[in-house]
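Participant: no FASTA, just this:
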Ligand code: HEC
């Protein structure tokens with residue numbers, strides 16, 4: 001230890017021992033224990049060891065009184081807050097659990113083992129591609145996808161050239177031109193996927209006043225979204241006795257009320273998959289759900305990748321911080337003080353001599 005640090009340590013020790021200590025530092029020397037190689041401080045003082053013992057025993061009655069009380073109050077508060085939070089969570093959990101009500105006319109969809117759930121699971125991109133095909137050939141007749149642009153599909157389930165070819169099949173409204181008129185032009189990569197209806201009124205008019213929702217975020221907008229949409233698409237039933245359906249409605253137990261303004265849209269073989277997968281009803285439902293899960297969470301894979309990177313880097317940082325704390329910052333805690341009266345003829349500290 002350099003001499004410039006010595007007065008600092010002496011101050012620190014004095015502060016720890018307290019103002020009533022009559023000890024005086026007449027030498028501060030460093031020696032090493034042969035066994036542990038730990039650093040020892042030799043301090044010369046007549047009653048130093050007594051005062052430090054006093055200080056240790058009555059830690060709370062001396063200069064540290066206020067600090068000790070504060071510590072106790074903080075600990076008490078933290079403990080009370082923790083207990084309260086735990087009890088609150090338990091109570092909320094019990095009260096908030098689903099209750100069966102006689103008036104409820106919908107069924108919870110069964111929980112399905114989706115491949116994209118899980119900390120290390122990514123989306124199945126061939127399924128996303130097939131899901132786009134299902135959307136394009138079935139759902140796009142009524143549902144818009146207005147928050148998805150064609151370019152979003154690039155490198156997710158299609159190449160850029162494939163998406164450009166796809167764009168040429170769509171026409172979008174643009175304008176005004178120099179004559180102030182709106183005109184139709186082939187879609188570009190940056191355009192959003194055009195919807196089937198001009199506005200909400202037109203959509204309701206074509207569907208017996210029921211509104212086909214925009215599908216971009218529908219998976220996030222419903223409880224247990226993927227299970228719900230899958231259940232909805234595959235769960236059509238004959239209406240039970242006593243249930244009256246209006247024209248254009250079908251009975252679906254997963255829809256609130258049961259009377260859904262969308263007929264059963266998926267039939268076996270309804271889509272011609274370009275990868276040759278058999279287009280069964282449940283396969284199509286699964287693929288379109290995987291696709292809609294991607295439209296609602298386009299950062300699905302990136303999010304997990306970043307989480308893994310962040311956790312990895314944090315672990316390394318935490319380990320290095322712990323090492324630094326243990327071996328560099330925490331020296332005072334690990335330092336052993338040898339409190340020995342110095343013989344009168346003892347040589348002064350090396351540093352003092354130099
Ligand atoms: C012929 C038009 C039509 C087609 C095709 C169609 N739907 Fe619908 N869809 C509707 C209508 C109308 C509603 C609104 C029903 C209601 O509110 O009663 C609806 C509602 C929905 C809902 C929302 C239910 C809710 O909780 O509000 C979802 C999800 C859905 N459709 C998914 C799909 C999917 C996926 C496809 C393609 C496989 C599809 N639909 C094909 C007309 C259609």
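Facilitator: Sure thing, it's come through. Computed from a predicted model, the values in this text were never measured in an experiment.

Participant: my guess is residue 128 meets residue 156, correct?
Facilitator: Yes: using Cβ atoms under 8 Å, residue 128 is in contact with residue 156, at 6.4 Å. Just so you know, the C-beta spots here come from the backbone N, C-alpha and C atoms, and that holds for glycine as well.

Participant: those two: which has the busier surroundings?
Facilitator: Higher neighbour count among residue 128 and residue 156: residue 128, with 23 against 17, using other Cβ atoms under 10 Å.

Participant: which residues touch that one?
Facilitator: By Cβ atoms under 8 Å, 6 or more residues apart in numbering, the residues touching residue 128 are 156-157, 287, 290-291, 294.

Participant: determine which two of those are furthest apart.
Facilitator: 156 and 287 (14.0 Å; Cβ to Cβ).

Participant: picking up where we left off before, now, the contacts of residue 128 that are in helices?
Facilitator: Using DSSP state H, the members of these that fall within helices are 287, 290-291, 294.

Participant: thinking again about what came up before, find residues that contact each of residue 128 and residue 156.
Facilitator: Here residue 128 and residue 156 have residue 294 as joint contacts, going by Cβ under 8 Å, 6+ apart.

Participant: the stretch 251-354 of the chain: strands as residue ranges?
Facilitator: Secondary structure of the stretch 251-354 of the chain, counting by DSSP state E, counting those that start in this stretch: strands at 259-260, 336-339.

Participant: dump the residue contacts of residue 187.
Facilitator: Listed by Cβ under 8 Å, 6+ apart, the contact partners of residue 187 are 150, 167-168, 170-172, 194.

Participant: residue 205 should be in a helix, yeah?
Facilitator: Yes: secondary structure assignment (DSSP: H, G, I helix; E, B strand; the rest coil) places residue 205 inside a helix.

Participant: how close does it sit to residue 250?
Facilitator: Per Cβ to Cβ, to the nearest Å, residue 205 is found 19 Å from residue 250.

Participant: neighbours of the residue nearest to residue 234 when sequence neighbours are not counted, how many?
Facilitator: Excluding its sequence neighbours, the residue lying closest to residue 234 (Cβ to Cβ, 6 or more residues apart in numbering) is residue 285, at 5.0 Å. Residues lying near residue 285 (other Cβ under 10 Å) number 21.
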